[in-house]
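Visitor: show me the folded form of this:
(chains A and B)
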2 protein chains.
Amino acid sequence: MQTHWDTVAIVGVGLMGGSIGLALRGRGLAREVVGIGRRAASLRVARRMGAVTRTSLDVARGVADAELVVVCTPVDRIVADIERVAASCRPDALVTDVGSTKGSIVRGVAGLKLPIRYVGSHPLAGSERNGPAAATADLLVGRVVVVTPTRETPTRDRRELGRFWRALGARVVEMGAEEHDACVAAISHLPHVAAAALAGSTPAGAMPLAAQGWRDTTRVAAGDAHLWREILLDNRRNVLPRLDVYLQRLQAFQRALAEADATALERLLREGKRRRDAVGS
Amino acid sequence: MQTHWDTVAIVGVGLMGGSIGLALRGRGLAREVVGIGRRAASLRVARRMGAVTRTSLDVARGVADAELVVVCTPVDRIVADIERVAASCRPDALVTDVGSTKGSIVRGVAGLKLPIRYVGSHPLAGSERNGPAAATADLLVGRVVVVTPTRETPTRDRRELGRFWRALGARVVEMGAEEHDACVAAISHLPHVAAAALAGSTPAGAMPLAAQGWRDTTRVAAGDAHLWREILLDNRRNVLPRLDVYLQRLQAFQRALAEADATALERLLREGKRRRDAVGS
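Guide: The predicted structure is shown next:
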């Protein structure tokens, strides 16, 4: 059972890429971690933090020796980056990505018919912070990583990828890319829209009274606007129906309030509480 | 400057009442803290925790000696409880409440023309947990407490109440009850509706992927449904227009997603991020 890698290449050393590097190094799981990026400054930060042992501005050179390549760039660049990786990596290298949407990426990579071993991943761990300086060695500890094999994925590849994420402390859940996208629309993408709309519609005059409730409810809205734009556009086919369900429920609240219908209002509040209570704090 | 009280009475010893008692006792600010409630079991918990030194199931007996009475019952019971307090408390006792809405309470108390010194309060500190067992001595430390004097409130009363809350570690903000209600509709009541609707509309099948973002965004939905029903009904005149603004913004997201309008989508996300970034994590 492989839980040690000689060389792992990470394309895009931001919060997630940096955290994976720190965990690999901290746990002694890889001899070399190559950080590949477009900005020398970010790569220097990652190296200084100990997230990577080598850096490269050139994908071809960076991935040449790697047994495992993890693409951590924004969702709208992932397919193109995987294509670049495929042009230079070892034929036996296992390639994955950490994109927050999976359908279009997995389909996009399959459509290229690349001569590589590729399986998609999505670590359900993040932060409203960005960049390598926000990386931590325990970002994935106890978190779920969804791995999205296709019917064509060899058992060996999905097993190897599962071992990789588990070695970093994560729990691995396997599901199809389409099922994944439907789930994250409800559990991550809609909450982002809800939080961003809430923060954006709060009048400035009320801000001095912002307390823990407002902070919690809007926290994810601090996420990078460009990254989230791409995630939401990529998964809009799934996000739109969830947004519709959400609007309907808000309109039910609106009716209950307008009619001072205490029974309906309490039922709506109880339904929310029941779902929330099923999860820890 | 009075920052020590001989006897403080707390009517309703739940999360807030219990936390006030713990802080008073822990900071040596009161010799006696009398806990008054309707359930002997809750009063026993409060006494065992050291939140109160004496307990009473009878308001009249409980408040008789108090220089300061803090009413911490649910919003729909506060005016009636203040009326009961007024019937038995010392004529020089200062009475306040911690209700999350202030307009109807302050108007209700004024309408009764009680022979007491009353000024409304609202500590912007809470928790999705309830009951005295969830109380902590530092619940108010660093938190904002809004104090809502009227034009008739003597300077001495508002100053004394301000000193009380500051002695517990809080920051005091004074504003009129109506202005308070408009602000909390935006900053607390609408976020509660948004979170409850989000939690309630999340499909069960997606729950295994619930991560930090979903937990943060829905956290307040775990709050007591009955308490929140009363808060929302009491302040529906202010909540409804805020809900309308929120729905309009969500519909703007909906349009941007439906039309794959990247520019509009990013603008909406940036507006949310800007407002959220203005506040700490």
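
Visitor: buried residues of stretch A:113-129, list them for me.
Guide: A:114, A:116-128 (16 or more other Cβ atoms under 10 Å in any protein chain shown). The C-beta positions use only the backbone N, C-alpha and C, and glycine is treated the same way.

Visitor: no, scratch that, I was asking about stretch A:217-231
Guide: Buried residues in stretch A:217-231 (16+ other Cβ under 10 Å): A:217-225, A:227-231.

Visitor: again with stretch A:45-54
Guide: Buried residues in stretch A:45-54 (16+ other Cβ under 10 Å): A:45, A:46, A:47, A:49, A:51, A:52, A:53, A:54.

Visitor: and the residues you listed near chain B, which?
Guide: For chain B, no contacts are drawn from the buried residues of stretch A:45-54 by Cβ under 8 Å from any Cβ of the partner chain.

Visitor: and the gap between residue A:200 and residue B:124?
Guide: Counting by Cβ to Cβ, to the nearest Å, the separation of residue A:200 from residue B:124 is 21 Å.

Visitor: what's the most distant pair in the buried residues of stretch A:217-231?
Guide: A:217 and A:230 (23.7 Å; Cβ to Cβ).

Visitor: how about the residues of the stretch 1-150 of chain A near chain B?
Guide: Counting by Cβ under 8 Å from any Cβ, the residues of the stretch 1-150 of chain A that sit close to chain B are A:124, A:125, A:126, A:128, A:143, A:144, A:146.

Visitor: and these, which is the shakiest by pLDDT?
Guide: Lowest pLDDT within the residues of the stretch 1-150 of chain A next to chain B is found at residue A:128 (64).

Visitor: by proximity to chain B, which residue of the stretch 1-150 of chain A wins?
Guide: residue A:124 (4.0 Å; Cβ to the nearest Cβ).

Visitor: next: the stretch 51-200 of chain A.
Guide: residue A:196 (3.2 Å).

Visitor: please name the nearest non-neighbouring residue to that residue.
Guide: For residue A:196, ignoring the flanking residues on the chain, the nearest one in space by Cβ to Cβ, 6 or more residues apart in numbering or on different chains is residue B:272 at 3.2 Å.

Visitor: give me the neighbour count for that neighbour.
Guide: As a burial measure, residue B:272 scores 30 neighbours (other Cβ atoms under 10 Å in any protein chain shown).

Visitor: name the element it belongs to?
Guide: helix B:262-277 (DSSP states H and E).

Visitor: can you list contacts of that helix?
Guide: A:128, A:195-200, A:202, A:207, A:218-219, A:221-223, A:225-226, A:228-229, A:232-233, B:249, B:252-253, B:255-257 (Cβ atoms under 8 Å, 6 or more residues apart in numbering or on different chains).

Visitor: ok, the residue of the stretch 1-150 of chain A closest to chain B touching residue A:188?
Guide: Yes - counting by Cβ atoms under 8 Å, residue A:188 is a contact partner of residue A:124 at 7.4 Å.

Visitor: so what sits against both of the two?
Guide: Counting by Cβ under 8 Å, 6+ apart, the residues touching both residue A:124 and residue A:188 are B:209, B:211.

Visitor: so what's the spatially most central residue of chain A up against?
Guide: The geometric centre of chain A, computed from its C-alpha atoms, lies nearest to residue A:100 (Cα atoms, centre = their mean), at 4.0 Å. Contact partners of residue A:100, counting by Cβ under 8 Å, 6+ apart, are A:75, A:122, A:184, A:188, A:189, A:231.

Visitor: try 7 Å this time
Guide: Listed by Cβ atoms under 7 Å, 6 or more residues apart in numbering or on different chains, the contact set of residue A:100 reads A:75, A:122, A:184, A:231.

Visitor: which two from these end up farthest apart in space?
Guide: So, these by Cβ to Cβ: farthest apart are A:75 and A:184, at 11.6 Å.
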